[in-house]
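Trainee: here's my sequence, what's the structure:
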Amino acid sequence: MAALARFRSPYFLQRTYSLYSRGPKPCGCLQQYQSPCYMATVSGMGATLAEETEKPDKAILEELKVPFSRTSVGTFFQDRPKLGNQYLEDAFLQGYLKRHLPPKVFEEVNQQLERFGARVADEIDCLGRECELNPPQLQQYDAWGQRVDRIITCPAWKKMKEISVEEGLIAEAYERKYRNWSRVYQVSKLYLYTPSAGLFTCPLAMTDGAAKVIESLDISGPPAEAFGHLTSRDPKQFWTSGQWMTERKGGSDVAGGTETVAREQADGTYQLYGFKWFTSATDSDMTLTLGRIMDAQGNTKQGTKGLSLFCLKIQNEGKLNGIEVQKLKDKLGTRQVPTAELLLDGAKAFRISDEGRGVAAIANMLTITRIYNTIFAVANMRRMINLAREYASKRFAFGKFIKDHPLHMQTMARMEVQTRGAFLLLMEAAKLLGLEETNMTTEQDQHVLRLLIPLAKLYTGKQAVSTISEGLECFGGQGYMEDTGLPAILRDVQVLTIWEGTTNILSLDVLRAVAKSEGQVLVSFFAAVQSNLDSSVNIPELASSVTLVHAALNKLREFTQRAGLKGAGFLELAARDFAYSLARIYIGGLLLKHATWTKASPADIYSAQRWCEQDLCPVDTANRVGEYNAEAVSMDTILVYEGSPLLKGEL
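Mentor: Numbers count the residues shown, from 1 in each chain. Okay, here's the model as predicted:
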């Protein structure tokens, strides 16, 4: 009777409910789950409890252990996709390196990348997730009211800096152990690292870019000494660099938007005054920035010719170097990277370019950062596909694993083709950069490299957004859940179409490359594509694909000849489609050439075939339907502003 009294007491009921309301154990072990009738048993204590009074307590509790009670969620849990060694799982990367690298170089690089691929999966990936979950914070004042402007980053972000030094992610490119293949090796390593790096590739991009600029300039003193820090393998000596060019008036329009001024000092240094609207990796050790030198009367020269390039350390004797951090940016993605608005109030700096040659001097940095932009795009496309294909072997729906549903495999195959094409475009740029850095390029190589940098950046940025968005669908609803980490990938890649120039800005840069070379860039482009096609003509399986690329190449050649007679306005309107055409045709040639390799797989041939079946020359297609004529220009504006009061005024 005493036991029955205890069972009927409110305390016992409360304790029992609490016991079975606890969630899963931290270790993730499956629980014994309770019946849905348990809630009714607790809430309607009358007849139900009366019927059970004759049963022993233990028997009652055992009866309650039925699946799907109030406090249980069933026994099935979908396995999450597992991250394996991304080098060993990337047959296309391995094939590319084996095809291109000298045998001895490949043997050594192959071992290093296999080792690094394991480190990415076992250690780095978890750190990257920590960076995502613990974004930087700004402490503007200390406890006693002093202005400190301290950017606080998580331990994982700091560990990423150590890892980047240990792995020589910058040093590999400048030590040139593998001569012209050093860039290909470095890019391959960054390609494996990037999706797991928690966006630490952002400061690495600007660090690499700063090292490239300093190496290319004939300078001495502290700025020259910075090169050793930027390329060091010693964690105590290694510096990261920022890049501060964007101001309130404009991003890409640095000529019209840069208001920062520089006052020369008696010791030859400068003091900088200005407001930087967007500074990436603001916690770096140093930075490069543009400014206008003031003369004795306080005047500055406007336009591009008034801009000079400066180098400055962020801190001076433990304090910020004439810098105030106004705020951290609240961004859609890339939240791991501290991005800030800064006021420069007498920041001590060194001029490292000739006066008025700042834009020309920083061009080398843009080359590097745009390649990193491409690495980020392609690497995250690959990561999304690798996770999705692993998940497809675990997710069982409608009677079979989703990898056994042909429609799902067709969708993933289209994503794979896009990723392979983007990868070859990236590696071609890396290969040509390596040749340039070791003085091994031909004139044609130099022209093609100048063209490929903006092309690769603009085209792969768009591919990444599309492919990764498609990839989220491969996980169904889980692809939309923040705690899976998958949505962060889509948010982060969206920056790729904006940072270092939007798609339209980069398309105009392609036109500038053509105009500045007086058309020689295009001559070299056509010759390079033709060479790739010539190597593919004797492969029967590729014959129809070669024909398609040839046809697109001829259409592009005819378009450029006609466009040259129609003036700059016509070409500017066609610039985006023109750039897409260049990218698709060039990638088609690269895929076809790769498919001719003696060790090419059936998948290599199939991916080349699939790529060549799309519209390879969209600029010709759009031109034929009149998208670039005067009427279309007028109608574009009317279409966009229909119903808007702005249409009635002057636009």
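Trainee: show me where the stretch 451-600 of the chain has helices.
Mentor: Here the stretch 451-600 of the chain has its helices, by DSSP state H, counting those that start in this stretch, at 486-493, 503-516, 520-534, 543-563, 568-595.
Trainee: go through the ones you listed and name the closest to Thr367.
Mentor: Smallest distance to Thr367 across the helices of the stretch 451-600 of the chain (CB to CB): 11.4 Å, for helix 503-516. In this view, the C-beta of every residue, glycine as well, is placed from N, C-alpha and C.
Trainee: pLDDT (mean, whole number) over that closest one?
Mentor: Rounded to a whole number, the mean pLDDT of helix 503-516 is 96.
Trainee: again with stretch 128-140
Mentor: The model assigns stretch 128-140 a mean pLDDT of 97.
Trainee: same question, stretch 388-406
Mentor: 95.
Trainee: got it, and stretch 562-580?
Mentor: 93.
Trainee: what of stretch 195-206?
Mentor: 97.
Trainee: ditto for stretch 90-107
Mentor: 98.
Trainee: mind naming the longest helix for the chain?
Mentor: helix 358-392 (DSSP state H).
Trainee: give the next helix or strand downstream of that one.
Mentor: strand 396-397 (DSSP states H and E).
Trainee: any idea how far the following helix or strand past that following strand is from the chain center?
Mentor: Beyond strand 396-397 in the direction of the C-terminus, DSSP H and E gives the next helix or strand as strand 400-401. Relative to its chain's centre, strand 400-401 lies at 33 Å (CA atoms, centre = their mean, to the nearest Å).
Trainee: stretch 517-524 too?
Mentor: Taking mean C-alpha positions (CA atoms, centre = their mean), stretch 517-524 and its chain are 30 Å apart.
Trainee: list the buried residues of that stretch.
Mentor: Going by neighbour count (16 or more other CB atoms under 10 Å), the buried part of stretch 517-524 is 517, 520-522, 524.
Trainee: if we take the residues you listed, which one ends up nearest to Glu172?
Mentor: Nearest to Glu172 among these, with distances taken as CB to CB, is Ser524, at 28.3 Å.
Trainee: from Glu428, how far off is that closest one?
Mentor: 13 Å (CB to CB, to the nearest Å).
Trainee: then Met206?
Mentor: Met206 sits 23 Å away from Glu428, going by CB to CB.
Trainee: ok, back up a step: reformat the buried residues of stretch 517-524 as a markdown table; add distance to Val261.
Mentor: Output for the buried residues of stretch 517-524, formatted as a markdown table (distance: CB to CB, whole Å):
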| residue | distance to Val261 |
| --- | --- |
| Ser517 | 34 |
| Gln520 | 38 |
| Val521 | 36 |
| Leu522 | 40 |
| Ser524 | 40 |
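Trainee: now the spatially most central residue of the chain. Nearest residue, chain neighbours left out?
Mentor: The residue lying closest to the centre of the chain (CA atoms, centre = their mean) is Phe376, at 3.0 Å. Spatial nearest neighbour of Phe376, excluding adjacent residues (CB to CB, 6 or more residues apart in numbering): Thr194 at 5.5 Å.
Trainee: contact partners for the one you found?
Mentor: Thr194 makes contacts with 201, 375-376, 379-380, as judged by CB atoms under 8 Å, 6 or more residues apart in numbering.
Trainee: which of these lies closest to Lys236?
Mentor: Thr201 (22.1 Å).
Trainee: could you measure from the closest residue in space to that closest one that isn't next to it in sequence over to Met440?
Mentor: Leaving aside its chain neighbours, Thr201 sits nearest to Thr194 (5.0 Å; criterion: CB to CB, 6+ apart). According to CB to CB, Thr194 stands 27 Å off from Met440.
Trainee: compare neighbour counts for Met206 and Glu428 and give me the winner.
Mentor: Met206 (26 against 21; other CB atoms under 10 Å).
Trainee: ok, the more buried one touching Asn373?
Mentor: No: assessed by CB atoms under 8 Å, Met206 is found out of contact with Asn373, at 11.5 Å.
Trainee: give the contact list for Gln315.
Mentor: Gln315 touches 285, 321, counting by CB under 8 Å, 6+ apart.
Trainee: got the contact list for stretch 326-340?
Mentor: Counting by CB under 8 Å, 6+ apart, 128, 131-132, 135-138, 151, 153, 157, 198-200, 202-203, 278-283, 325, 341-343, 488, 490-495 sit against stretch 326-340.
Trainee: got the domain ranges for the protein?
Mentor: 91-231, 241-360, 517-650 (the TED database).
Trainee: of those domains, which is nearest Trp499?
Mentor: Closest among the domains of the chain, using CB to CB: domain 241-360, at 7.9 Å.
Trainee: roughly how far is the closest one from the heart of the chain?
Mentor: Its chain's average C-alpha position is 25 Å from that of domain 241-360, according to CA atoms, centre = their mean.
Trainee: with stretch 581-593 instead?
Mentor: How far stretch 581-593 lies from its chain's middle: 22 Å, per CA atoms, centre = their mean.
Trainee: any chance of the helices of the stretch 451-600 of the chain in JSON lines, with distance to Lys319 too?
Mentor: Listed next are these as JSON lines, based on distance: least, CB to CB, whole Å:
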{"stretch": "helix 486-493", "distance to Lys319": "33"}
{"stretch": "helix 503-516", "distance to Lys319": "37"}
{"stretch": "helix 520-534", "distance to Lys319": "47"}
{"stretch": "helix 543-563", "distance to Lys319": "56"}
{"stretch": "helix 568-595", "distance to Lys319": "46"}
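Trainee: determine which stretch of those helices is the most buried.
Mentor: Sort the helices of the stretch 451-600 of the chain by mean neighbour count, taking mean count of other CB atoms under 10 Å, and helix 568-595 sits at the top with a mean of 23.
Trainee: what about the strands in the protein?
Mentor: All strands of the chain, identified by DSSP state E, fall at 137-141, 147-152, 241-246, 261-264, 270-280, 286-293, 307-313, 315-316, 319-320, 323-328, 340-351, 396-397, 400-401.
Trainee: in the stretch 401-550 of the chain, where is pLDDT below threshold?
Mentor: Filtered on pLDDT under 70, the stretch 401-550 of the chain yields no residues whatsoever.
Trainee: ok, the buried residues of stretch 517-524 vs Arg179, which is closest?
Mentor: Closest to Arg179, out of all of these and judged by CB to CB, is Ser524, at 23.3 Å.
Trainee: ok, and the closest non-adjacent residue to the closest one?
Mentor: His447 (3.6 Å).
Trainee: for that neighbour, give its distance to Ala574.
Mentor: Distance, His447 to Ala574, by CB to CB: 21 Å.
Trainee: filter the contacts of stretch 326-340 to the buried ones?
Mentor: For the contacts of stretch 326-340, buried by 16+ other CB under 10 Å: 128, 131-132, 135-136, 138, 151, 153, 157, 198-200, 202-203, 278-283, 325, 341-342, 488, 490-495.
Trainee: which residues touch Ile638?
Mentor: Per CB under 8 Å, 6+ apart, neighbours of Ile638: Leu647.
Trainee: Asp577 versus that one, what's the distance?
Mentor: 21 Å.
Trainee: ok, now Asp445?
Mentor: 26 Å.
Trainee: next: Gly588.
Mentor: On the measure of CB to CB, Gly588 and Asp577 end up 16 Å apart.
Trainee: same question for Lys403.
Mentor: When distance is defined by CB to CB, Lys403 is 36 Å away from Asp577.
Trainee: now swap in Phe526 and tell me
Mentor: With CB to CB as the criterion, Phe526 and Asp577 are 18 Å apart.
Trainee: same check on Gln561?
Mentor: 16 Å.
Trainee: for burial, what's the neighbour tally of the spatially closest residue to Tyr174 that is not a sequence neighbour?
Mentor: Spatially, and ignoring its direct neighbours in sequence, Tyr174 is nearest to Thr231 (4.5 Å; CB to CB, 6+ apart). Residues lying near Thr231 (other CB under 10 Å) number 23.
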